[in-house]
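*Asks:* Quick one: sequence and predicted model below, then my questions.
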Amino acid sequence: MAKNIGPIQFTGKLGGISGRSTSFGNILQTPGGFKGERIKTEDRYIKTRQLNSEFSRCAKISSVLYKSLSWHLKTIPDTYVYGLSKGVSVPSKNATSSRLKAKRR
């Protein structure tokens, strides 16, 4: 990526160069990135495909869990469930009388 400071400035594509205007000035870059077809077929992207499939499963499970709990989450005044759960659990942890750590042998 390069910043264009010359007299000819453009946005869009010209040959193999893409130009765009940003708050930093006119930026020039060559097209790049990954190709979806290569990720689907090449052996060196096996780990990427595995991680992508794991992420999609986790996202689907999370979506189902959120949809099933949405009514209950709306009744909670705190919008951040993690903050609410920590707010409930930390005082109860501190209220216990025996907070000694287990001794190692």
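*Replies:* Noted; the coordinates are in hand. Residues are numbered from 1 along each chain as shown.
*Asks:* How about the secondary structure of residue 62?
*Replies:* Taken by DSSP: H, G, I helix; E, B strand; the rest coil, the conformation at residue 62 corresponds to helix.
*Asks:* What's the local residue count around it?
*Replies:* A total of 10 residues lie near residue 62 under the criterion other Cβ atoms under 10 Å. All C-beta spots, glycine's among them, are computed from the backbone N, C-alpha and C.
*Asks:* mind checking how far the helix or strand where residue 72 lies is from the chain centre?
*Replies:* Using DSSP states H and E, residue 72 maps to helix 46-75. Put simply, helix 46-75 sits 13 Å off its chain's centre (Cα atoms, centre = their mean, to the nearest Å).
*Asks:* now swap in stretch 32-46 and tell me
*Replies:* Distance of stretch 32-46 from its chain centroid, counting by Cα atoms, centre = their mean, is 20 Å.
*Asks:* who's in contact with it?
*Replies:* 48, 49 (Cβ atoms under 8 Å, 6 or more residues apart in numbering).
*Asks:* Quick check: residue 61 vs residue 41, distance?
*Replies:* 28 Å (Cβ to Cβ, to the nearest Å).
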